[in-house]
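Participant: Just need the structure, nothing else, for what follows:
(chains A and B)
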Amino acid sequence: MVSKTPFEELVTPHLQAAFNLAYWIVRSREEAEDVVQDAYVRAFRAFSGLRGETAKPWLLAIVRNVAYRALQNRKRAANVIFFHEDLKRRDREAVSEAAAAEPSAESLLVAADERQQLLSALARLSVDYREVIVLRELEGLTYNEIAEAIEAPVGTVMSRLSRARAELRDQVARQIAKDEPNAV
Amino acid sequence: MQCREAHEVLSAVIDDEVASEQQQAAKAHIAACSLCAEVARDYRRIGEQLRAVARLPAPTDLGAKVRARLASEAGSLKADARFDWRRIAQQAAVLVLVSGLSGLLSWQLAQSTFEKHRLERDIIAAHVRSLLQDDTVQIASSQSHTVKPWFNGRVEFAPPVKDLTAEGFPLIGGRLDFIDNRRIAALVYKRRLHVINVFMWPADGENRTVPATSVLQGYNAISWTAGGMTFWAVSDLNAKEMAQLQSLL
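Facilitator: Alright, predicted model coming up:
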């Protein structure tokens, strides 16, 4: 076992944040677990003495990169597997694979109507928007920290978050309208 | 400030991330404009609700898993350092001394451990090299009757190719690789995100050996001989699932 090293002290408090971000990018608990483990190994290799205050966005940037790679691999693996198969079967399987690969948030967290509306609204956002919402609303990162985590300028963070919030609000409103067609 | 302007900075105002001058102007507008005030209220409410419902608790054993991975990583780094310098230096010293003393016998002995190390290094190098490339395979197919004929004329043996998609190890494809100074067949399987390389070539000695597991630079490896072929499976996948794959091959 590794003794308590500065690395562990710095990054283990962020395990929950790492898992949360990974989950909301890949949207599979199992894959999110793999992503977090891989990200921690990468972080450990790259680690060369960080100041405590920057550990979280630094770590989350690595988690995000590993998660995006996992998304790409999933797409590529799907292509490779269906390489030599007839088109019909390929279409059918691609649909079921997509369904299996993206378990709905509702099935993971069963709760009141409002919660479901909120979760499916978040799940419906594009991943660009979803990640800034997760980093700001769930993790409470500052704009500077978000900029570091998503490797983009602060101005981009600001505008993306603004659009993400507007779209999330629309989605929530739409969900409510769909669930309660007779409500005024 | 007008509604359109206020709208643009609303989100940043809520987060207290705009210059104080703009912040004041926007706040003044929100105080006076019920539409913008409602949007701001919604943003805040949605944020609070998300905090309450969307944080997925990490699995309780994730911390332990991460620590185990880090421990093996740290262990392999240390082992690497030892292997690369002190051990090689010691071995070289012993080799010179002993071979000088007792000639052929000790020479052969040293040669065999050296060969084992070289083989293990080749295996790890081939595995890592495959991960660095865009595609781990030259022939991409999950179908054994597509992959198997591809090796015809490329290697001097017919590698056994099995698709294990149904067992949860989808076959990604195959490629040629070079290990221990010979051309060998490599099959690539996947388990979730983990890539597993299975290297195979005709066995030199015994026809059948029991699987031997080892940890090489943090990777789990299993080697065995069956049906006159030597197999090496390497991955960062856990040892239990590696053993499962070995039993399927």
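Participant: Check the gap between the residue located most distally from the centre of chain B and chain A for me.
Facilitator: Largest separation from the mean C-alpha position in chain B: B:A32, at 56.9 Å (CA atoms, centre = their mean). Relative to chain A, B:A32 is positioned 21 Å away (CB to the nearest CB, to the nearest Å). All C-beta spots, glycine's among them, are computed from the backbone N, C-alpha and C.
Participant: Is B:S223 located within a strand, as I assumed?
Facilitator: Yes: under DSSP: H, G, I helix; E, B strand; the rest coil, B:S223 sits within a strand.
Participant: shouldn't it be in contact with B:T230?
Facilitator: Yes: counting by CB atoms under 8 Å, B:S223 does reach B:T230; the two are 7.1 Å apart.
Participant: Could you find the closest non-adjacent residue to B:S11?
Facilitator: Spatial nearest neighbour of B:S11, chain neighbours left out: A:S162 (3.9 Å); criterion: CB to CB, 6 or more residues apart in numbering or on different chains.
Participant: wait, what's in contact with the one you found?
Facilitator: Each residue near A:S162 by CB atoms under 8 Å, 6 or more residues apart in numbering or on different chains is listed here: B:E8, B:V9, B:L10, B:S11, B:A12.
Participant: what would these look like in JSON lines with pLDDT?
Facilitator: Shown next, in JSON lines, are these (pLDDT from 0 to 100):
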{"residue": "B:E8", "pLDDT": "83"}
{"residue": "B:V9", "pLDDT": "88"}
{"residue": "B:L10", "pLDDT": "90"}
{"residue": "B:S11", "pLDDT": "92"}
{"residue": "B:A12", "pLDDT": "92"}
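Participant: how about the strands in chain B?
Facilitator: B:139-140, B:171-179, B:182-191, B:194-202, B:209-216, B:219-226, B:229-235 (DSSP state E).
Participant: Next one, pLDDT for the residue nearest to B:S11 please.
Facilitator: Per-residue pLDDT puts A:S162 at 94.
Participant: show me the contacts for A:A55.
Facilitator: Taking CB under 8 Å, 6+ apart, we find A:A55 in contact with A:L10, A:V11, A:H14.
Participant: Of all those residues, the one with the weakest confidence?
Facilitator: Within the set of these, pLDDT is lowest for A:L10 (70).
Participant: re earlier: ok, the contacts of A:A55 vs B:I196, which is closest?
Facilitator: B:I196 lies nearest to A:V11 out of the contacts of A:A55, by CB to CB, at 27.5 Å.
Participant: Now do the closest one against chain B, distance only.
Facilitator: Going from A:V11 to chain B by CB to the nearest CB gives 9 Å.
Participant: What about the residue lying closest to that residue once chain neighbours are set aside, how many residues nearby?
Facilitator: Distances taken as CB to CB, 6+ apart place A:L59 nearest to A:V11, at 5.4 Å, with adjacent residues excluded. By other CB atoms under 10 Å in any protein chain shown, the residues close to A:L59 number 26.
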